[in-house]
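[1] Sequence and computational prediction follow.
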Amino acid sequence: MSDTLIAEIKEQLTDAMRERDDARRDTLRLILASLQGAEKELQRPLTEDEELQVLQRERKKRIEAAEAFRNGGREEQADKEEAELEVLEEFMPEPLSEEELEEIVDNVIAEVGATSMREIGRVMADVMPQVAGRADGSAVSQLVREKLA
């Protein structure tokens, strides 16, 4: 599957170059470099999950950088990071809504029969694969804590 994401990004990169969209071109190059770097490290094509992990890592970097720049009063750099984030998110699955996330968490808690905070690990272990790339881990953890508390 990995081949298709990399191929898709290369295709979009060519389009961006043709359209002289420098910001998009540069962002696509960064994403491509991250994906290819991860492939090189593993010495094999990435699975869909691994691609998603790379994209999530890149997404997190952009969010943190934008926040840091904004706190430092560097609006222009913050805007640049956020523009990169938008391009990056085109390649990621649609995020889950609060309701969808809550439903998944409720179902897992019921399946596992979790009744206390001691079982947070078991619940998280079942929830995370279901929401991979579509919900922030800390938000999921927060919700699970609230439900088990």
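    The structure has been received and is ready for your questions.
[2] Going by C-alpha atoms from here, please, whenever you check contacts or count neighbours.
    Will do.
[3] Please enumerate the strands of the protein.
    For the chain, no strands are identified by DSSP state E.
[4] which sections of the protein are below the confidence cut-off?
    Counting by pLDDT under 70, the chain contains low-confidence residues at 1-3.
[5] if we go to 80?
    Within the chain, the ranges that satisfy pLDDT under 80 run 1-3, 132-133, 136.
[6] Just the residues contacting the longest helix along it, thanks.
    Once the chain is assigned using DSSP state H, the helix that runs over the most residues is helix 48-71. Residues from elsewhere that reach helix 48-71 (Cα atoms under 8 Å, 6 or more residues apart in numbering): 1-2, 31, 34-35, 38, 75, 77-82, 84-85, 88-89, 91-92, 132-133.
[7] Can you point out the buried residues in it?
    Neighbour-count burial for helix 48-71, with 16 or more other Cα atoms under 10 Å as criterion, is recorded at 51-56, 58-59, 62, 65-67, 69.
[8] And stretch 112-121, by the same measure?
    Of the residues in stretch 112-121, those buried by neighbour count under the rule 16+ other Cα under 10 Å are 114, 119-120.
[9] And stretch 101-111, by the same measure?
    The neighbour-count criterion (16+ other Cα under 10 Å) identifies 101-102, 104-106, 108-109 as the buried residues of stretch 101-111.
[10] Distance from the chain centre to that stretch, please.
    Once both centres are worked out by Cα atoms, centre = their mean, to the nearest Å, stretch 101-111 turns out to sit 21 Å from its chain's centre.
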